[in-house]
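Participant: with the sequence up front, the predicted model follows.
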Amino acid sequence: MAKKQLNTSVIFFIGALGGLLFGFDTGIISGASPLIETNFQLNVEQTAFITSSVLIGSSVGALSIGPLSDKFGRKKLLIVASILFLIGSTMSMLAVGFVSMIVARIILGLAVGSASALTPAYLAELADAPHRGSLGTMFQLMLTFGILMAYVSNLGFLHHNLLGMRDWRWMLGSALIPALILFFGSIVLPESPRYLVEKGNIDEARSVLNNLRKNNPDEDPEKELKEIQLVANQPHGGIKELFTIARPAVIVAVGLMFLQQLVGINSVIYFLPQVFIKAFSFPEGDAIWISVFIGVVNFLCTVVAYKIMDKFDRKKILLFGSIVMALAIGILSVLNFTMNVKQVAVPTIILIAFYILGFAVSWGPIAWLMIGEIFPLNVRGIGASIGSAANWIGNFIVSQFFLVLLDAFHNNIGGPFGVFTFFAILSIFFVIYVVPETRGKTLEDIELEMRKKQGEKIK
Ligand code: BGC
């Protein structure tokens, strides 16, 4: 019994590993880039490009992987993504200068973007409806763990040139371990049963479903298979469906993803040490410790999200998160504009921790969860791609403009956080008026509901 359970958990664990690499590869650069800057004697623009080049690769990776995964399957593409992770990590560890580092970071970006579009759809398609929230949240859980590992590895390797190799090379190279696990793991992972049905491989789909549900006597894999077949038999318009039946899903996915970034989460995840150095004149060592603290809060609150995701409606959790974030950074802005900078450093840390809490239990996991849930089967891969690409583009915009905005407000963080508060308030209305509820429904119910709403007759 215990072994059987382990089987299913291992499948979900490996399936979600792309999240860990996503978190690690985006988080690691905050510590590594100042070291690379001095080692390669780069100017500030070049260093900034090393950080953002990954985001360019991710947008391209996210957009291109979806159509491929609808054609060739989720599993094969996960293997491709893991190979890209291996190549990108090795190349960035061995980079000899600016150009080779940029090439390596773009390849890593392609990997991260691909994983971020593939994983949510893959996990949603493997999970059963009552547990899909938690199982999908594993992606974000791994992601936040990856960010935390990156911060810890930044601290651990800093100034340790082990075996004659520079500290930053160790930092970047440590991503090879999870990349290797993902590579070998994805070879043994099952293909998504829903993809298999879509391609007419009913027997294989049945065997994957039987295996996934074997520990749960309440589940009826045959019934599930029939429902998937019903959906797979609906008329298919291919990509055209994105503009017809699936249009509401596109709007929800793009809106969720843009807002997830425009509330400013990565100003904290990527730039927190710099913020505390610039705005509050903290010494570098203390500033890095604050980011580790925030990394821990982020991870622990995501564990809470994992526990509650199937107990409360997704929309209620999103609303809770929006309100907590809006309050925390709204107050933070007002304090930073009205009080003496020296007095607000500690309240700012506390308010940022609340803001992270609000994000980590709600928008962090749910945005990724939903892009795997809301698209019809035959365009699920490409739909998830569009959502994921929107996330990367939003991320790129915030990362590019945050420091500029901070500068424009003379290093007063009340400025940029005031702008993020506006988007946190906007997100409340988006949830109330646009986002559908998906908790407890099968992917097939969600799709049939959408088709009926769009006036389509179900065969
Ligand atoms: C976001 C990332 C962010 C992370 C922080 C994810 O859901 O998409 O951009 O860095 O959460 O935990």
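Facilitator: The structure has been received and is ready for your questions. Numbers count the residues shown, from 1 in each chain.
Participant: so is the host helix or strand of Thr137 next to the ligand?
Facilitator: Per DSSP states H and E: Thr137 is located in helix 132-157. Yes: judged by CB under 6 Å from any ligand atom, helix 132-157 and the ligand are in contact via 140, 143-144, 147. For the C-beta atoms, the positions are set from N, CA and C on the backbone; glycine is no exception.
Participant: pLDDT, distance to Ala127 and neighbour count added to the residues you listed, as CSV?
Facilitator: Listed next are the residues of helix 132-157 next to the ligand as CSV, based on pLDDT from 0 to 100; distance: CB to CB, whole Å; neighbours: other CB atoms under 10 Å:
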residue, pLDDT, distance to Ala127, neighbour count
Gln140, 97, 14, 28
Leu143, 97, 17, 29
Thr144, 97, 20, 28
Ile147, 95, 24, 27
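Participant: closest to Pro248 among those residues?
Facilitator: Closest approach between the residues of helix 132-157 next to the ligand and Pro248, by CB to CB: Gln140, at 23.7 Å.
Participant: so who does the closest one touch?
Facilitator: Shown in contact with Gln140 (CB atoms under 8 Å, 6 or more residues apart in numbering): 19, 302, 305, 360, 364-365, 368-369.
Participant: spit out the contact partners of the residue in the stretch 201-350 of the chain that the ligand sits nearest to.
Facilitator: Relative to the ligand, the nearest point of the stretch 201-350 of the chain is Ile269 (4.3 Å; CB to the nearest ligand atom). Contact analysis of Ile269 by CB under 8 Å, 6+ apart lists 26-27, 147, 294, 298.
Participant: change it to 7 Å
Facilitator: Residues in contact with Ile269 (CB atoms under 7 Å, 6 or more residues apart in numbering) are 27, 147.
Participant: what about it, distance to Ala111?
Facilitator: 19 Å (CB to CB, to the nearest Å).
Participant: do the same with Gln260
Facilitator: 21 Å.
Participant: ok, these two, which is more surrounded?
Facilitator: Neighbour tally, Gln260 and Ala111, criterion other CB atoms under 10 Å: the higher count belongs to Ala111, 32 against 24.
Participant: OK, contacts around that one?
Facilitator: 61, 81, 84-85, 88.
Participant: try 8 Å this time
Facilitator: Here Ala111 is in contact with 21, 25, 57, 61, 81-82, 84-85, 88 (criterion: CB under 8 Å, 6+ apart).
Participant: skipping adjacent residues, who's closest to it in space?
Facilitator: Spatial nearest neighbour of Ala111, chain neighbours left out: Leu84 (3.6 Å); criterion: CB to CB, 6 or more residues apart in numbering.
Participant: report pLDDT for Gly237.
Facilitator: Looking at Gly237, its pLDDT is 66.
Participant: do Gln5 as well
Facilitator: On the pLDDT scale, Gln5 gets 41.
Participant: repeat that for Leu189.
Facilitator: Note on Leu189: pLDDT of 92.
Participant: wait, it sits on Ile11?
Facilitator: Yes: applying CB atoms under 8 Å, one finds Leu189 in contact with Ile11, separated by 6.3 Å.
Participant: how about the nearest residue to Asn7, chain neighbours excluded?
Facilitator: Nearest one to Asn7, counting by CB to CB, 6+ apart, is Asn211 at 7.5 Å.
Participant: and if you look at Ala115?
Facilitator: Gly18 (3.0 Å).
Participant: measure the one you found to the ligand for me?
Facilitator: To the ligand, Gly18 is 13 Å away according to CB to the nearest ligand atom, to the nearest Å.
Participant: pretty sure that residue sits against Pro120.
Facilitator: No: here Gly18 lies out of contact with Pro120, judged by CB under 8 Å, at a distance of 9.5 Å.
Participant: pull up the overlap in contacts between these two.
Facilitator: Phe139.
Participant: which one of the two has more residues nearby?
Facilitator: Gly18 (32 against 28).
Participant: relative to helix 132-157, how tilted is the helix or strand hosting the more buried one?
Facilitator: For Gly18, the host element (DSSP H and E) is helix 2-27. Relative orientation of helix 2-27 versus helix 132-157 (axes from the mean of the first three to the mean of the last three CA atoms, to 10 degrees): 50 degrees.
Participant: now check the helix or strand that helix 2-27 is followed by, is it near the ligand?
Facilitator: Per DSSP H and E, helix 2-27 leads on to helix 29-39 as the next helix or strand towards the C-terminus. No: interface with the ligand: helix 29-39 contributes nothing (CB under 6 Å from any ligand atom), its closest point being 11.0 Å away.
Participant: list the buried residues for the very next helix or strand once past helix 29-39?
Facilitator: Going down the chain from helix 29-39, the next helix or strand is helix 44-72, by DSSP H and E. Neighbour counts over helix 44-72 (16 or more other CB atoms under 10 Å) mark 46-66, 68-70 as buried.
Participant: equivalent analysis for stretch 350-358, please.
Facilitator: By neighbour count with 16+ other CB under 10 Å, stretch 350-358 contains the buried residues 351-358.
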